[in-house]
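A.B. asks: How does the following fold in three dimensions:
(2 chains)
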2 protein chains.
Amino acid sequence: MRAYAPWLKTGSTMIGAQVGKILESKHPKYPVDRKIHGYFGWRTHTVVNPDESASKEQIMKDKPYLLPDFGHLPSSLAVGMLGMPGNTAYFGFMDICKPQEGETAVVSTAAGAVGMHVGQLAKIHGLQVIGITGSDAKCKWVVDDLGFDHAINYKTQDVSAALKEAAPKGFDCYFDNVGGNISTSVIYQMKLGGRIAVCGSTSSYNSPSLPKTSILQPAIVFKQLRMEGFVVTRYGDRWFEGIEKNMGWIKEGKLKYRETVTHGFENMYNAFLGLLRGENIGKAVVKA
Amino acid sequence: MRAYAPWLKTGSTMIGAQVGKILESKHPKYPVDRKIHGYFGWRTHTVVNPDESASKEQIMKDKPYLLPDFGHLPSSLAVGMLGMPGNTAYFGFMDICKPQEGETAVVSTAAGAVGMHVGQLAKIHGLQVIGITGSDAKCKWVVDDLGFDHAINYKTQDVSAALKEAAPKGFDCYFDNVGGNISTSVIYQMKLGGRIAVCGSTSSYNSPSLPKTSILQPAIVFKQLRMEGFVVTRYGDRWFEGIEKNMGWIKEGKLKYRETVTHGFENMYNAFLGLLRGENIGKAVVKA
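C.D. replies: Residues are numbered from 1 along each chain as shown, chains lettered A, B, ... in the order given. Below is the predicted model:
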């Protein structure tokens, strides 16, 4: 939302993914009472033809889909670990960072919906993991509850020095959600042949002009780094593979989920402000 | 030389690739009068065991090798289009930029040994090519003699505006030799799915601290760009494939070479200063 909202025209419905329950249906494949995922935006009710993409004012054009069987897991995971954020973590980390057992990974926005997931994927695959996040409580949570090896509070610590202390030999994988100076510090400490998945650039989303940082090319060329940006919709044809994989790890207890839940559609705006202020831990969800 | 020289200790022999003639030999595979390529540095004569890597003070450790049969082509090409610079262009552009017919490519340091080669490779493969270089004479040469579609003089033109005018729809491939603001201008005009080969970072080589530029992550993520740094020695096991390919194109007249030749070993230093000042067109060679 934060990344795409500046592209919306004033008066548009705010964008967002939603799990909805089908109240009425004229489509035999979409029966009443089944749950559906769609990029419907901030709406209480939506009239939609599921054979077409979401409404034209939406930026995410992907068609709605019926939720797969989550077993006993909450359906809100369809907008979290078993949906777009989870698939962002799964495909971005596995396909672009290409983690190998014994390697070292860094993830920024480590306590957010995607970061918390990437760090746990790294642990599942036998890597050492360092998280970067914005409060001591978040640092403590990713280490104590999620099993990260180290966590750095970028608001109170010298990120470059803390990275050096956590892994003096450097990093093989970096899952970049922030861009800017934090990422520059990580990238200059990558190992030869390191892989960087660029998933977001939160450091610039709320900036009126692009922030400046040291040029990256010297690190990229001499360390022979590969840096690739992606938007998860590119993995649309493997969407349910990602959901199945993540669901398997959740059911095995290897992947923990956490949501910061706000109740009431009328509190949506405050929930979003809370996200911008860094108040949520894990996926921010509003239950209408 | 420019990139690696800062890492040399004072008193070391200056680094550099050389074509030498064997004057004396105790090795049956390296007979007298054959020509040899080696990273011997700035020396008139060298005693070397060709079964070992170049002398320990050299940064390029690759072993010397006998020149393949160049036919009627000059042996100086073994330090140019049929050597390290040529293989840098060939592997970096073909393997990392992965050019496709009909696409558009940009190359910086377009009139240098590597840039002039990359631009011609792009034309051979059916791309539109825009070169960025530092004088009107160089711009004219790459367009009139080498067949580039456009050339931009970064010292006198607004690079961003000139790029936009040359290719309003943007670029698929960028072969980056410079880093810094020029590269940032190119990268923010890449097309979705663009590929960037980072070969050098001349904008920072002579800078006491890293220059700053706008952060690249917003372009990298939303355009889903892939940016990869490389040092050509990684293609050591395909070395003679590169030489054969480039030699074939030269013999077909599709790939033109040009050298700025300085005569006399004693003029080596001035030749190097000329390169730093941007005085050479094509490969700078010293004939001792």
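A.B. asks: quick one: least confident helix or strand in chain A?
C.D. replies: Across the helices and strands of chain A, the lowest-confidence element by mean pLDDT, DSSP states H and E is helix A:202-205, at a mean of 87.
A.B. asks: Now do that helix: which elements does it pack against?
C.D. replies: The helices and strands touching helix A:202-205, judged by 3 or more CB pairs under 8 Å, 6 or more residues apart in numbering or on different chains; DSSP states H and E, are helix A:180-187, helix B:217-222. Any C-beta I mention is one placed from the backbone N, CA and C, and that applies to glycine too.
A.B. asks: So what's the gap between the longest one and the chain middle?
C.D. replies: Think helix A:180-187. 18 Å (CA atoms, centre = their mean, to the nearest Å).
A.B. asks: packing partners for it?
C.D. replies: Partner elements for helix A:180-187 (3+ CB pairs under 8 Å, 6+ apart): strand A:104-108, helix A:159-166, strand A:171-176, helix A:202-205, strand A:212-214.
A.B. asks: Tell me which of these sits most buried.
C.D. replies: Ranked by mean neighbour count under mean count of other CB atoms under 10 Å in any protein chain shown, the helices and strands packed on helix A:180-187 are led by strand A:104-108, which reaches a mean of 30.
A.B. asks: ok, which residues in the stretch 1-150 of chain A are in contact with chain B?
C.D. replies: Applying CB under 8 Å from any CB of the partner chain, we find that the stretch 1-150 of chain A lies next to chain B at A:Ala3.
A.B. asks: any chance you could map the helices in the stretch 1-150 of chain A?
C.D. replies: All helices of the stretch 1-150 of chain A, identified by DSSP state H, counting those that start in this stretch, fall at A:84-91, A:113-124, A:136-144.
A.B. asks: Which elements pack onto the longest one?
C.D. replies: When contacts are defined as 3+ CB pairs under 8 Å, 6+ apart, helix A:113-124 packs onto helix A:84-91, strand A:104-108, strand A:128-133, strand A:171-176, helix A:239-251.
A.B. asks: pLDDT score for the most centrally placed residue in chain A?
C.D. replies: Nearest residue to the geometric centre of chain A (CA atoms, centre = their mean): A:Val114, 2.5 Å. Predicted confidence (pLDDT) for A:Val114: 97.
A.B. asks: and stretch A:88-105, how far apart are its ends?
C.D. replies: End-to-end span of stretch A:88-105 (CA to CA, to the nearest Å): 16 Å.
A.B. asks: buried sites along it?
C.D. replies: Going by neighbour count (16 or more other CB atoms under 10 Å in any protein chain shown), the buried part of stretch A:88-105 is A:88-94, A:96-97, A:99, A:103-105.
A.B. asks: same thing with stretch A:195-208?
C.D. replies: Within stretch A:195-208, the residues scored as buried using 16+ other CB under 10 Å are A:Arg195, A:Ile196, A:Ala197, A:Val198, A:Cys199, A:Gly200, A:Ser201, A:Thr202, A:Ser203, A:Ser204, A:Tyr205.
A.B. asks: does the second one count as helix, strand or coil?
C.D. replies: Each residue gets one of three states, and A:Ile196 gets strand by DSSP: H, G, I helix; E, B strand; the rest coil.
A.B. asks: which residues touch it?
C.D. replies: A:Ile96, A:Cys97, A:Cys173, A:Tyr174, A:Phe175, A:Asp176, A:Ile187, A:Met190, A:Leu225, A:Arg226, A:Met227, A:Glu228 (CB atoms under 8 Å, 6 or more residues apart in numbering or on different chains).
A.B. asks: Just the terminal-to-terminal distance for stretch A:213-232.
C.D. replies: Start-to-end span of stretch A:213-232 (CA to CA) is 26 Å.
A.B. asks: tell me the mean pLDDT over it?
C.D. replies: Summarised as a single mean, pLDDT over stretch A:213-232 is 96.
A.B. asks: same thing with stretch A:118-134?
C.D. replies: Average pLDDT, stretch A:118-134: 98.
A.B. asks: and the closest residue to A:Cys97 other than its chain neighbours, what does it touch?
C.D. replies: Nearest residue to A:Cys97, sequence neighbours excluded (CB to CB, 6 or more residues apart in numbering or on different chains): A:Cys173, at 3.9 Å. Applying CB under 8 Å, 6+ apart, we find A:Cys173 in contact with A:93, A:97-99, A:103-106, A:122, A:127, A:194-197.
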